[in-house]
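Novice: predicted model, plus sequence, below.
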Amino acid sequence: MPVNGVLEYLWFRDNDPWWATLLRAVTLIALLVLFVIKGMHKVPSGSQALRTRFNKVIHIRRDVYDRLGYRTYSRGEAKVVGPGLVIGIPFVHNVMVESVTEQFEPLPPMIRLQPLREFASQINFKVIDLEKALIGVTDYKGLLVNSCAATVRRLVQQTALSDDEISTRVLADESLQERASNLGVRLLELNVASTNLTEPAQLAQAFKQAGIVLDGAPAAVLAARTLNGASSPAPLTAVDDDAPAA
(Lines give C-alpha, C1' and ligand atoms only; values in the text may rest on other atoms or scores of the structure.)
Protein backbone atom coordinates (compact mmCIF):
# COMPACT_ATOMS: atom_id res chain seq x y z
CA MET A 1 0.00 0.00 0.00
CA PRO A 2 1.52 3.39 -0.95
CA VAL A 3 2.11 6.09 1.64
CA ASN A 4 -0.83 8.14 0.42
CA GLY A 5 -3.02 5.10 0.81
CA VAL A 6 -1.90 4.62 4.42
CA LEU A 7 -2.56 8.30 5.24
CA GLU A 8 -5.92 8.09 3.59
CA TYR A 9 -6.80 4.99 5.59
CA LEU A 10 -5.66 6.47 8.91
CA TRP A 11 -6.65 10.07 8.42
CA PHE A 12 -8.59 11.12 5.34
CA ARG A 13 -11.72 9.25 4.43
CA ASP A 14 -14.27 10.71 2.06
CA ASN A 15 -17.17 8.87 3.63
CA ASP A 16 -16.31 9.65 7.29
CA PRO A 17 -18.14 12.46 9.14
CA TRP A 18 -16.18 15.47 10.36
CA TRP A 19 -16.24 14.33 13.97
CA ALA A 20 -14.40 11.09 13.05
CA THR A 21 -11.56 13.07 11.51
CA LEU A 22 -11.46 15.33 14.58
CA LEU A 23 -11.36 12.29 16.88
CA ARG A 24 -8.42 10.86 14.96
CA ALA A 25 -6.60 14.19 15.19
CA VAL A 26 -7.13 14.45 18.96
CA THR A 27 -6.03 10.83 19.46
CA LEU A 28 -2.83 11.25 17.45
CA ILE A 29 -1.96 14.51 19.24
CA ALA A 30 -2.55 12.87 22.63
CA LEU A 31 -0.31 9.93 21.69
CA LEU A 32 2.39 12.32 20.50
CA VAL A 33 2.25 14.33 23.75
CA LEU A 34 2.37 11.12 25.81
CA PHE A 35 5.36 9.93 23.79
CA VAL A 36 7.22 13.19 24.47
CA ILE A 37 6.35 13.21 28.20
CA LYS A 38 7.50 9.61 28.68
CA GLY A 39 10.85 10.55 27.18
CA MET A 40 11.45 13.51 29.52
CA HIS A 41 13.03 13.03 32.93
CA LYS A 42 13.72 15.76 35.46
CA VAL A 43 16.81 15.59 37.64
CA PRO A 44 16.35 17.92 40.67
CA SER A 45 18.98 20.36 41.85
CA GLY A 46 21.54 18.69 44.09
CA SER A 47 21.04 15.35 42.37
CA GLN A 48 22.58 13.43 39.51
CA ALA A 49 21.32 10.52 37.45
CA LEU A 50 22.58 7.51 35.56
CA ARG A 51 21.21 7.09 32.05
CA THR A 52 20.01 3.60 31.24
CA ARG A 53 19.07 1.91 28.00
CA PHE A 54 16.72 -1.04 28.37
CA ASN A 55 17.55 -0.98 32.13
CA LYS A 56 21.29 -1.23 31.46
CA VAL A 57 23.62 1.61 32.43
CA ILE A 58 25.04 3.55 29.49
CA HIS A 59 28.83 3.87 29.56
CA ILE A 60 30.88 6.46 27.74
CA ARG A 61 32.99 4.77 25.06
CA ARG A 62 36.70 5.06 25.66
CA ASP A 63 39.28 5.02 22.85
CA VAL A 64 42.44 3.02 23.54
CA TYR A 65 45.50 3.10 21.27
CA ASP A 66 48.05 0.33 21.22
CA ARG A 67 51.73 0.60 20.24
CA LEU A 68 50.97 0.15 16.56
CA GLY A 69 48.52 2.99 16.60
CA TYR A 70 45.42 0.88 16.27
CA ARG A 71 42.39 2.20 18.10
CA THR A 72 40.11 -0.06 20.10
CA TYR A 73 37.02 0.76 22.13
CA SER A 74 36.55 -0.20 25.75
CA ARG A 75 33.89 0.28 28.39
CA GLY A 76 34.39 3.64 30.06
CA GLU A 77 32.69 5.39 32.95
CA ALA A 78 28.93 5.38 33.39
CA LYS A 79 27.18 8.32 31.78
CA VAL A 80 26.08 10.72 34.52
CA VAL A 81 23.59 13.48 33.74
CA GLY A 82 21.83 16.29 35.56
CA PRO A 83 20.62 18.31 37.17
CA GLY A 84 18.16 19.50 34.58
CA LEU A 85 15.85 18.01 31.97
CA VAL A 86 16.99 14.74 30.37
CA ILE A 87 15.33 13.73 27.10
CA GLY A 88 15.49 10.21 25.73
CA ILE A 89 13.51 7.67 23.75
CA PRO A 90 10.38 6.58 25.66
CA PHE A 91 10.36 2.97 26.90
CA VAL A 92 14.03 2.71 25.85
CA HIS A 93 15.88 5.30 27.94
CA ASN A 94 15.40 5.92 31.63
CA VAL A 95 17.29 7.67 34.42
CA MET A 96 18.16 6.60 37.98
CA VAL A 97 18.21 9.71 40.15
CA GLU A 98 20.10 10.01 43.45
CA SER A 99 21.02 12.94 45.67
CA VAL A 100 24.72 13.82 45.71
CA THR A 101 24.45 16.43 48.45
CA GLU A 102 25.06 15.77 52.13
CA GLN A 103 22.66 13.18 53.52
CA PHE A 104 21.86 12.11 57.09
CA GLU A 105 20.95 8.68 58.46
CA PRO A 106 20.41 7.87 62.16
CA LEU A 107 22.07 4.81 63.66
CA PRO A 108 20.18 2.45 65.99
CA PRO A 109 20.17 3.80 69.56
CA MET A 110 22.46 2.00 72.01
CA ILE A 111 23.05 1.91 75.75
CA ARG A 112 26.35 2.69 77.40
CA LEU A 113 26.35 0.35 80.38
CA GLN A 114 29.02 2.08 82.43
CA PRO A 115 27.71 4.64 83.09
CA LEU A 116 24.12 3.75 82.16
CA ARG A 117 23.30 6.28 79.43
CA GLU A 118 21.54 6.30 76.07
CA PHE A 119 23.86 6.79 73.12
CA ALA A 120 22.36 8.28 69.91
CA SER A 121 24.30 8.89 66.72
CA GLN A 122 23.83 10.04 63.15
CA ILE A 123 26.08 9.71 60.10
CA ASN A 124 26.55 12.37 57.45
CA PHE A 125 27.66 11.18 54.01
CA LYS A 126 27.69 11.98 50.30
CA VAL A 127 27.29 9.76 47.25
CA ILE A 128 30.44 10.00 45.12
CA ASP A 129 29.95 7.04 42.75
CA LEU A 130 26.43 6.63 41.41
CA GLU A 131 27.13 3.35 39.66
CA LYS A 132 28.40 1.66 42.82
CA ALA A 133 25.57 3.06 44.97
CA LEU A 134 22.68 2.41 42.58
CA ILE A 135 23.84 -0.65 40.64
CA GLY A 136 26.42 -2.39 42.80
CA VAL A 137 24.15 -3.10 45.78
CA THR A 138 20.44 -3.28 46.54
CA ASP A 139 20.35 -0.90 49.52
CA TYR A 140 23.56 1.07 49.99
CA LYS A 141 22.10 3.19 52.80
CA GLY A 142 21.09 0.16 54.86
CA LEU A 143 24.48 -1.49 54.40
CA LEU A 144 26.25 1.74 55.33
CA VAL A 145 24.15 2.16 58.48
CA ASN A 146 24.82 -1.44 59.55
CA SER A 147 28.57 -1.09 59.00
CA CYS A 148 28.75 2.18 60.93
CA ALA A 149 26.56 0.83 63.75
CA ALA A 150 28.86 -2.18 64.19
CA THR A 151 31.90 0.09 64.46
CA VAL A 152 30.15 2.48 66.84
CA ARG A 153 28.97 -0.40 69.05
CA ARG A 154 32.55 -1.62 69.43
CA LEU A 155 33.78 1.85 70.38
CA VAL A 156 30.94 2.55 72.80
CA GLN A 157 32.04 -0.47 74.82
CA GLN A 158 35.18 1.49 75.66
CA THR A 159 33.70 3.60 78.43
CA ALA A 160 36.79 5.80 78.65
CA LEU A 161 36.08 7.32 75.23
CA SER A 162 34.17 10.56 74.99
CA ASP A 163 31.54 11.27 72.35
CA ASP A 164 33.97 13.32 70.28
CA GLU A 165 36.63 10.60 70.47
CA ILE A 166 34.13 8.01 69.25
CA SER A 167 33.21 10.23 66.31
CA THR A 168 36.88 10.78 65.42
CA ARG A 169 37.74 7.08 65.61
CA VAL A 170 34.80 6.10 63.42
CA LEU A 171 35.92 8.45 60.68
CA ALA A 172 39.52 7.23 61.06
CA ASP A 173 38.54 3.55 60.75
CA GLU A 174 40.19 2.41 57.49
CA SER A 175 38.04 -0.72 57.07
CA LEU A 176 34.87 1.34 57.49
CA GLN A 177 36.08 3.94 55.01
CA GLU A 178 36.91 1.18 52.54
CA ARG A 179 33.46 -0.31 53.01
CA ALA A 180 31.89 3.10 52.38
CA SER A 181 34.01 3.55 49.26
CA ASN A 182 32.84 0.17 47.96
CA LEU A 183 29.27 1.39 48.42
CA GLY A 184 30.02 4.53 46.44
CA VAL A 185 29.78 6.99 49.35
CA ARG A 186 32.08 9.11 51.48
CA LEU A 187 31.59 9.44 55.22
CA LEU A 188 31.72 13.08 56.28
CA GLU A 189 30.85 13.17 59.97
CA LEU A 190 29.40 11.23 62.88
CA ASN A 191 27.22 13.23 65.25
CA VAL A 192 26.86 11.61 68.66
CA ALA A 193 25.00 12.51 71.83
CA SER A 194 24.70 10.77 75.20
CA THR A 195 21.75 11.38 77.51
CA ASN A 196 20.40 9.83 80.69
CA LEU A 197 18.17 6.84 80.05
CA THR A 198 14.41 7.18 80.43
CA GLU A 199 12.78 5.28 83.26
CA PRO A 200 11.44 2.46 80.99
CA ALA A 201 14.91 1.91 79.54
CA GLN A 202 16.48 1.86 83.00
CA LEU A 203 13.93 -0.72 84.14
CA ALA A 204 14.53 -2.79 81.01
CA GLN A 205 18.27 -2.89 81.64
CA ALA A 206 17.77 -3.73 85.30
CA PHE A 207 15.48 -6.64 84.38
CA LYS A 208 17.85 -7.80 81.68
CA GLN A 209 20.90 -7.81 83.95
CA ALA A 210 18.87 -9.79 86.49
CA GLY A 211 17.92 -12.32 83.81
CA ILE A 212 14.19 -11.62 84.07
CA VAL A 213 12.09 -12.32 80.96
CA LEU A 214 8.58 -10.96 80.48
CA ASP A 215 6.01 -12.25 77.98
CA GLY A 216 8.55 -14.68 76.56
CA ALA A 217 10.86 -11.88 75.40
CA PRO A 218 13.90 -10.21 76.97
CA ALA A 219 12.98 -7.41 79.30
CA ALA A 220 14.99 -4.97 77.22
CA VAL A 221 12.01 -4.59 74.90
CA LEU A 222 10.25 -2.70 77.68
CA ALA A 223 12.01 0.39 76.38
CA ALA A 224 9.71 0.27 73.37
CA ARG A 225 6.51 0.02 75.40
CA THR A 226 4.46 2.66 77.12
CA LEU A 227 4.71 3.84 80.68
CA ASN A 228 1.53 5.22 82.28
CA GLY A 229 -0.02 5.66 78.83
CA ALA A 230 2.90 7.73 77.43
CA SER A 231 4.90 6.59 74.45
CA SER A 232 8.51 5.66 75.08
CA PRO A 233 11.55 5.69 72.75
CA ALA A 234 12.40 2.99 70.22
CA PRO A 235 14.04 -0.24 71.47
CA LEU A 236 17.63 0.27 72.56
CA THR A 237 20.57 -2.01 71.89
CA ALA A 238 22.92 -2.72 74.75
CA VAL A 239 26.50 -2.48 73.65
CA ASP A 240 27.50 -5.65 75.45
CA ASP A 241 25.33 -7.72 73.12
CA ASP A 242 26.63 -9.42 70.00
CA ALA A 243 23.42 -8.88 68.03
CA PRO A 244 23.86 -7.31 64.58
CA ALA A 245 22.92 -3.71 63.96
CA ALA A 246 19.30 -3.04 63.12
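Specialist: Ah, there it is. Not measured: the values here are computed from a predicted model. Numbers count the residues shown, from 1 in each chain.
Novice: pull the contacting residues for the most centrally placed residue in the chain.
Specialist: For the chain, the residue nearest the mean C-alpha position is Lys141 (4.7 Å; CA atoms, centre = their mean). Taking CB atoms under 8 Å, 6 or more residues apart in numbering as the contact definition, Lys141 lies against 103, 105. Placement of C-beta: from N, CA and C, glycine included.
Novice: next SSE after the helix or strand harbouring it?
Specialist: Secondary structure from DSSP states H and E places Lys141 in helix 140-156. Going down the chain from helix 140-156, the next helix or strand is helix 163-172, by DSSP H and E.
Novice: how far off centre is the helix holding Lys141?
Specialist: Centroid separation for helix 140-156 versus its chain: 15 Å, with CA atoms, centre = their mean, to the nearest Å.
Novice: start to end distance for stretch 150-167?
Specialist: One end of stretch 150-167 sits 13 Å from the other (CA to CA, to the nearest Å).
Novice: thinking again about what came up before, what angle sits between the helix holding Lys141 and helix 163-172?
Specialist: Using axes from the mean of the first three to the mean of the last three CA atoms, to 10 degrees, one finds that helix 140-156 and helix 163-172 are set 130 degrees apart in direction.
Novice: okay, buried residues for helix 140-156 please.
Specialist: For helix 140-156, burial by neighbour count (16 or more other CB atoms under 10 Å) applies to 140-141, 143-149, 151-153, 155-156.
Novice: again, but for stretch 85-103
Specialist: 86, 88, 93-98, 100, 103.
Novice: what is the mean pLDDT for it?
Specialist: The predicted model gives stretch 85-103 an average pLDDT of 88.
Novice: same question for stretch 132-152.
Specialist: For stretch 132-152, the mean per-residue pLDDT is 91.
Novice: centre of the chain versus that stretch, how much separation?
Specialist: 9 Å.
Novice: for the chain, name the helix or strand with the lowest mean pLDDT.
Specialist: strand 217-218 (a mean of 49; mean pLDDT, DSSP states H and E).
Novice: the domain parsing of this protein - what is it?
Specialist: According to automatic domain parsing, the chain is divided into the following domains: 3-38, 42-99, 103-238.
Novice: show the end-to-end separation of the second one, please.
Specialist: When the termini of domain 42-99 are compared using CA to CA, they are 13 Å apart.
Novice: low-confidence regions, this structure specifically.
Specialist: 1-14, 62-75, 197-202, 205-207, 209-210, 213-246 (pLDDT under 70).
Novice: again, 80 this time
Specialist: Where the chain drops to pLDDT under 80, the residues are 1-21, 36, 60-77, 82, 112-117, 136, 159, 194-246.
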